[in-house]
Structures are given as C-alpha cells and as structure tokens.
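Asks: Here is my input; please provide its structure:
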Amino acid sequence: MRTRFQLWAENKKNELEEEAIKMEYVKHKNPDESRIPNPSTGVIYESENCLGQVTVWKSRQMEYEVVNIDTGEMILWKYIERLPDEPDFNEILEQFFHVLQTGIKP
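Replies: From the prediction side, this is the model:
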C-alpha cells in the first residue's frame with residue numbers, strides 16, 4: 001500500500017506544483033525498515049497558507065493533517081484505520097487538498 005501511495009504521490013507532483021503546492025518526503029532517522037514493525041511513507045505538502053502531511057503505513061492505515069502556517073492551528077485531521085484494496089487517493093485526499101489550498105476548515 002505504501003508503494004501505491006508513493007507512486008501516486010510521484011505522479012501527482014507536477015500537477016500540484018502547477019497549483020503552487022510543494023511536496024517532499026518525510027525523512028526518517030532510521031532507514032533500516034527491517035527494524036520497524038509497521039513502516040510508513042510520509043509526504044509533506046506546503047501551500048501558501050498551510051502545511052499538510054499524509055502518512056500511509058504498511059498496515060494500510062492512513063493519517064493526514066493540515067496546519068495553518070501563520071497561526072499553527074490544526075484545521076484538518078483524519079485517520080483511516082484501513083484503506084480499501086484499491087484506494088483512489090485522489091478521492092480520499094480531495095478534502096485534504098481543498099483545505100490545504102484554501103486554509104478554510106471543513
């Protein structure tokens with residue numbers, strides 16, 4: 001699941017850059033994933049007003065959040081216990097990207 005998310009994020013990168021959203025991967029201090037029971041892939045997104053992070057774990061859990069850069073207020077947080085077998089990340093993250101761009105709480 002993490003690999004699917006990573007491929008989706010890479011394919012989405014250019015489209016997001018056209019909308020003034022920057023993307024970078026979360027860098028882990030311990031790159032040896034064999035020591036981590038439930039490794040994750042995380043991506044940080046930055047728009048003009050907000051920072052957002054999406055994390056997908058090997059166990060198919062997902063979490064995302066958006067924070068207002070100026071105030072530090074968390075304006076969106078969601079946890080998904082189990083992603084579907086064929087996740088549509090565009091659909092799942094539609095609200096995330098809307099809030100990231102607008103800075104408006106849902």
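
Asks: So what's the residue count around Pro37?
Replies: Using other C-beta atoms under 10 Å, the number of residues around Pro37 comes to 8. Yep, even glycine has a C-beta here, placed from its N, CA and C like the rest.

Asks: Is it correct that it falls within a strand?
Replies: No. Using DSSP: H, G, I helix; E, B strand; the rest coil, the assignment for Pro37 is coil, not a strand.

Asks: Specify the beta-bridge partners of the closest residue to Lys22 other than its chain neighbours.
Replies: Leaving aside its chain neighbours, Lys22 sits nearest to Glu46 (4.6 Å; criterion: C-beta to C-beta, 6 or more residues apart in numbering). With DSSP bridges as the criterion, Glu46 is bridged to Lys22, Leu51.

Asks: where are the low-confidence patches of the protein?
Replies: Residue ranges of the chain with pLDDT under 70: 28-31.

Asks: Would you map the strands across it?
Replies: Counting by DSSP state E, one finds strands in the chain at the ranges 22-25, 40-46, 50-57, 62-68, 74-80.

Asks: closest one to Gln101 among those strands?
Replies: strand 50-57 (7.8 Å; C-beta to C-beta).
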